[in-house]
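>>> structural data only, the sequence is not supplied:
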């Protein structure tokens, strides 16, 4: 399915030929996948925290001993958050009247009620922990075991890399996030941070549940920013030898997204894993969980010293992206629907993928 | 109707057997009662203030001489608040174009219009003042005279007691407030403030418009907090002699609520009177008016000295209650209705009472 | 159509005889007029800013050379604001992927797409600049050329006057603004700022698209404020010679409003031009653009010295007006419609004019 590498300029798409028929911003995320809902470091032993997937409140409980478990975050009694409660042994006790629930979700104690009459418990979610993230499986629990977690998140745990975790709430549908990252022509927006670069589209790949875009870049003017130099481990000016040398590969492997920068056959200099978890019922806000791994340069300690610059650089880039996707969402609200005129084939392919893999809106709402 | 005193643990209710058929949080308060809408001290002679009952704006006017009166808080002319106006003699003059209204609500002057052509006036409310509170009667005015005000609010005016007035807006339906106070099993939530106590349910009483619950308490561990010691006039440890000695009686006498703590036949050591006045049209917020009377200990001046501690103690308790009832209301909104699974019979009886005494939702809205 | 001058008190209108049948607060402004949307000083050469008319986002673009032009403030690609973009020559380039648009609204470049395949562009608005304001014509562009701009805004550019520009967003339908200014009986509200004045209504004039009210004033007590003295160029006490000497003429010449104060046949001592531009779709907020010209007194420099006092005085007056019209709008929302009982004929005439000149609500919404 590979296309011949070409400058994106050379492509003459018929706009919208691949555009999905439904309004992509009304397509809900497919719950039959593993979604991260919290950072491991934010949940200490013997504690509970509240989180959310598409308006479903979730209490994560980490007993003093044993693995994390996930319950619906509403006490069966009066629906207040269990995540405000107290972890006692392998159970969590509601803060209000002390009802207690175990890992199975069953109510195991009401302090003022006989054991024979205990009411029903609460819903549970399959829950796993990997690479510093706590994942839940919000869909059909029977599918959880056969649905793999991503084998590796960026390069967490690889000593050849240093990894940064980041994320925040962004006020837009998750699809805007995927499109933002995959359409590298938007580096126009980051010109102040990155200098003038011209992307060249090298081709796309499509497989079931997957779409991939590859680019190279030429610096047309401006100095390379220090944050970027750190990623490449060397200063690169706009001289010929650096033009179109590195390949950036961006992939949406539903529902996750990755971006890798590679020079030839070497290990990537940068490896990003990112996912956008819907927060509200309409899925018009998302919480981003990102892991950014940067290859350590040969001189030890350089990356540690430079890390604050790299953090600040990526924060500035991400702030610009956040502003623009929230403006896109705002326009969608004001216009009452999607009016995009997409001309870039790989983005239209991506839109098709997100529409196919997600849950289409109910017909009534669509009308 | 008294039940045999038992430990609440011994009770085996069928959950929901007494649950009201309507969604209790959609039941509107019955307007044919006297509701406090302001503290007397907040309305000086010659002034007017604006207040509210269930989205009805009310201007309270206190002339330099004579009693307070209550008008609809919208000028007949352009509907701006009369409570922004100026009290002149026994009338209030709208701040915008100077239209004036007397105690009867009649428009008695439009500065630029002949007296013969004066437009209609505004609605009035029966209005009374007692024990430092200004009450109005929002329902059928013909019922006001035959509907008694509570004969006594806590122990206001009794020299054997010191009384604290308190209150604030709380973001929930008034029914959550009644249930919170009456279900003493929720002292679990105040463990940090109060230490570990085990309530014993002694019985309930039901009469038309009234439900009463009685409890005793045993301290299972922890020290008695100073605020509580002040109320009892003595330090009480967890030794046998103090267990289950005091009786707490909580009563909803529609629409008011009281809580008294008594040792044997003595006068109560604490006497609380409280009411939750709906603020918005859906009645999903309320303004609380509370009077808390504490019996003066034999040594004079002790209570005055200790008062700040008692105030701080009750404020902390009230802040915890406020947080939890607002979380209940939030869950109700998110779930689109009441999903409570109530297992405690006296609370189900209370729910029944509140549903019967209130105004059920219109069928259309209920559907 | 002039009426005999009379004290407004002498008038005995049947309330509502002229009241419009539609709810005036649902009447939308007529877009077939020139509306100011920005101050000239806020748009520097080579820059673009975003503004709004009745929820229509507008990008104003001022190239380094040549006149301002106005585009729909949404890129054709992904609908993000063009006003976040970059002005290059005579075009504006979208900040996101660099699509460029010229004065005609046509898309003239997509950096990564062949010229032959350029997508359609964006809507434009006729745009003019006069007296420090940038106007657009939001309605039928074919009517723009034959619809005159106001010939003169207050006395901008007249050396005999000093002019202040002011404005802000006000949370109400524009009709409340017109009524506020034209009903001078509302000076009752400004008593603290202005002292006690009694207005006398001298008469009204009605022509197509125009209504005018004339008043004189008598100071009944209190001292003249300094801000007012500055406008008249002399101190005026409540003695007989100053009573009813000056004539205030307030005119709504759809959609603009003016207020002039004149003594006999002399040039006005004050000349105000003001317009209220709807901001949201329901037109329940407006942005005010005002120009207030004050005649320079004979002694040079006095007005400059006194200017800060005059500014503070008018700000206080405007703050009072703003508060009251926002309270009117709030009452309208709470009551779900207009309940005004208007008794003043000129205001009923004004309401009729605004209803006739505006766009009535669609029947469905009105039902």
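Yep, that arrived. Remember, predicted model here, so these are calculated numbers, not experimental data.

>>> which residue is nearest the centroid of chain A?
Note on chain A: the residue nearest the mean C-alpha position is residue A:275, at 1.1 Å, using Cα atoms, centre = their mean.

>>> report the contact partners of it.
Contact partners of residue A:275, counting by Cβ atoms under 8 Å, 6 or more residues apart in numbering or on different chains, are A:35, A:36, A:255, A:256, A:257, A:288, A:289, A:290. In this view, the C-beta of every residue, glycine as well, is placed from N, C-alpha and C.

>>> now list the buried members of these.
Listed as buried from the contacts of residue A:275 are A:35, A:36, A:255, A:256, A:257, A:288, A:289, A:290; burial here means 16 or more other Cβ atoms under 10 Å in any protein chain shown.

>>> next, the second one: phi, psi?
For residue A:36, the backbone dihedrals (degrees, to the nearest 10) come out as phi -70, psi 140.

>>> so it sits right up against residue A:131, yeah?
No - between residue A:36 and residue A:131 no contact is recorded; they are 9.4 Å apart, counting by Cβ atoms under 8 Å.

>>> how far away is the residue of the stretch 1-150 of chain A found nearest chain B from chain C?
Nearest to chain B in the stretch 1-150 of chain A, going by Cβ to the nearest Cβ, is residue A:79, at a distance of 3.6 Å. When distance is defined by Cβ to the nearest Cβ, to the nearest Å, residue A:79 is 31 Å away from chain C.

>>> hmm, back to that, now the contacts of residue A:275 in CSV, with distance to chain B and secondary structure?
Shown next, in CSV, are those (distance: Cβ to the nearest Cβ, whole Å; DSSP: H, G, I helix; E, B strand; the rest coil):
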residue, distance to chain B, secondary structure
A:35, 19, strand
A:36, 22, strand
A:255, 24, coil
A:256, 28, strand
A:257, 29, strand
A:288, 23, strand
A:289, 23, strand
A:290, 28, strand
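
>>> could you chop chain A up by domain?
Annotated domains of chain A cover A:8-29+A:151-361, A:45-139 [automatic domain parsing].

>>> re earlier: helix, strand or coil for the residue nearest to the centre of chain A?
strand (DSSP: H, G, I helix; E, B strand; the rest coil).

>>> I'd like to know how far residue A:321 sits from residue A:180.
Distance, residue A:321 to residue A:180, using Cβ to Cβ, to the nearest Å: 6 Å.

>>> just to be sure, residue A:129 is in a strand?
Yes - residue state for residue A:129 (three-state DSSP) corresponds to a strand.

>>> list the buried residues in the longest helix anywhere in chain A.
Ordering each helix of chain A by length in residues (DSSP state H) puts helix A:302-335 first. Buried residues in helix A:302-335, counted by 16+ other Cβ under 10 Å: A:303, A:306, A:310, A:313-314, A:316-318, A:320-322, A:324-332.

>>> so which elements touch the helix or strand following that helix?
For helix A:302-335, the succeeding helix or strand toward the C-terminus, using DSSP states H and E, is helix A:345-357. Packing partners of helix A:345-357 (3 or more Cβ pairs under 8 Å, 6 or more residues apart in numbering or on different chains; DSSP states H and E): helix A:174-182, strand A:196-207, strand A:210-221, strand A:246-253.

>>> at 7 Å instead, please
Applying 3 or more Cβ pairs under 7 Å, 6 or more residues apart in numbering or on different chains; DSSP states H and E, we find helix A:345-357 packed against helix A:174-182, strand A:196-207, strand A:210-221.

>>> which bits of the stretch 101-250 of chain A sit near chain B?
A:110, A:111, A:112, A:113, A:114, A:116, A:117, A:119 (Cβ under 7 Å from any Cβ of the partner chain).

>>> farthest-apart pair in the residues you listed, please.
Of all pairs drawn from those, the greatest distance, 14.8 Å, lies between A:111 and A:116 (Cβ to Cβ).

>>> those two: which has the busier surroundings?
residue A:111 (15 against 6; other Cβ atoms under 10 Å in any protein chain shown).

>>> quick check: which ranges of chain A have low pLDDT?
Residues of chain A that meet the criterion pLDDT under 70 lie in A:1-20, A:221-222, A:233-235, A:237-240, A:242, A:364-367.

>>> please tell me I have it right and residue A:35 contacts residue A:138.
Yes - counting by Cβ atoms under 7 Å, residue A:138 is a contact partner of residue A:35 at 6.4 Å.

>>> quickly list what's touching both of these two.
Both residue A:35 and residue A:138 are contacted by residue A:53, under the criterion Cβ atoms under 7 Å, 6 or more residues apart in numbering or on different chains.

>>> what about stretch A:355-366, distance to the chain center?
In terms of Cα atoms, centre = their mean, to the nearest Å, the centre of stretch A:355-366 is found 21 Å from the chain centre.

>>> same check on stretch A:107-115?
Offset of stretch A:107-115 from its chain centre (Cα atoms, centre = their mean): 40 Å.

>>> likewise stretch A:167-186?
Distance, centroid of stretch A:167-186 to centroid of chain: 9 Å (Cα atoms, centre = their mean).

>>> can you pull the contacts of whichever residue of the stretch 251-367 of chain A sits closest to chain C?
Distances between the stretch 251-367 of chain A and chain C by Cβ to the nearest Cβ are smallest at residue A:331, namely 3.7 Å. Shown in contact with residue A:331 (Cβ under 7 Å, 6+ apart): C:74, C:79, C:80.

>>> closest to residue C:225 out of these?
So of the contacts of residue A:331, ranked by how close each gets to residue C:225 (Cβ to Cβ), first place is residue C:74, at 47.2 Å.

>>> surely the closest one forms part of a helix?
No - counting by three-state DSSP, residue C:74 is not part of a helix but coil.

>>> residues near the residue nearest to residue A:295 when sequence neighbours are not counted, how many?
The shortest distance from residue A:295 to any non-neighbouring residue, by Cβ to Cβ, 6 or more residues apart in numbering or on different chains, is to residue A:269 (4.9 Å). Neighbour count for residue A:269, taken as other Cβ under 10 Å: 20.

>>> ok, now residue A:106?
Residues lying near residue A:106 (other Cβ under 10 Å) number 16.

>>> quick check on the contacts of residue A:331: which are buried?
C:74, C:79, C:80.

>>> near chain A, from the residues you listed?
Among the buried ones among the contacts of residue A:331, chain A is touched by C:74, C:79, C:80 when using Cβ under 7 Å from any Cβ.

>>> and the second one, that's in a strand?
Right, the one you point to is residue C:79. No - using three-state DSSP, the assignment for residue C:79 is coil, not a strand.

>>> find the closest residue to chain B in the stretch 251-367 of chain A.
Here the stretch 251-367 of chain A gets closest to chain B at one residue, residue A:281, 8.7 Å apart by Cβ to the nearest Cβ.

>>> which residues are in contact with that residue?
Contacts for residue A:281 (Cβ under 7 Å, 6+ apart) come out as A:54, A:55.

>>> sec struct for it, please.
Using three-state DSSP, the secondary structure recorded for residue A:281 is coil.
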